[in-house]
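J.: here is the input, now give the coordinates:
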Amino acid sequence: MSEFSGPAEPCPNDDSHGSVGCAEVIAEVWTLLDGECTPEAKHRLRQHLEACPGCFKHYGLEERIKELVATKCSGEKAPEGLRDDFGSRSAGPPSSVVGSSGLV
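T.: This is a model prediction of the structure:
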């Protein structure tokens, strides 16, 4: 999560956003982004985001951070030959190096 601790612009009428305040929205941004909140919580958070420019701006920032991390850390894979070679090595040393009586 970013070091950002609150909405970009303090909301002068935090109470007018319904049952969820700015602090709760900021605390729950990642559960919303990750799809880990309940449908009811998602609805409440989305309503607040639509009404509060500061929280909406914060949500957008966190969303871009998540997209950047996903792009930069997307599963780069080792080439097949390297993975096969590593797999055979992890099963034990090759028989040409270690014979029945020890190192050759």
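J.: next, count neighbours for the residue nearest to residue 32 when sequence neighbours are not counted.
T.: Nearest non-adjacent residue to residue 32, counting by CB to CB, 6 or more residues apart in numbering: residue 45, 5.1 Å away. Quick note: C-beta positions are derived from backbone N, CA and C, even for glycine. Residue 45 has 20 neighbouring residues, counting by other CB atoms under 10 Å.
J.: check contacts around residue 45.
T.: Residues in contact with residue 45 (CB atoms under 8 Å, 6 or more residues apart in numbering) are 20, 25, 28, 32, 37.
J.: secondary structure class for the fourth one?
T.: In this case it means residue 32. Put simply, residue 32 is helix when judged by DSSP: H, G, I helix; E, B strand; the rest coil.
J.: which one (most neighbours) among the contacts of residue 45?
T.: residue 25 (27 neighbours).
J.: and that one, what does it touch?
T.: So residue 25 contacts 45, 48, 49, 52, 55, 58, 59 (CB under 8 Å, 6+ apart).
J.: so where does it fall, helix or strand?
T.: helix 22-33 (DSSP states H and E).
J.: where does residue 38 land on pLDDT?
T.: Looking at residue 38, its pLDDT is 93.
J.: format the contacts of residue 25 as JSON lines; extra columns: distance to residue 67, pLDDT and secondary structure.
T.: JSON lines is the format used below for the contacts of residue 25 (distance: CB to CB, whole Å; pLDDT from 0 to 100; DSSP: H, G, I helix; E, B strand; the rest coil):
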{"residue": "45", "distance to residue 67": "19", "pLDDT": "91", "secondary structure": "helix"}
{"residue": "48", "distance to residue 67": "22", "pLDDT": "91", "secondary structure": "helix"}
{"residue": "49", "distance to residue 67": "17", "pLDDT": "91", "secondary structure": "helix"}
{"residue": "52", "distance to residue 67": "22", "pLDDT": "91", "secondary structure": "coil"}
{"residue": "55", "distance to residue 67": "19", "pLDDT": "92", "secondary structure": "helix"}
{"residue": "58", "distance to residue 67": "15", "pLDDT": "91", "secondary structure": "helix"}
{"residue": "59", "distance to residue 67": "13", "pLDDT": "92", "secondary structure": "helix"}
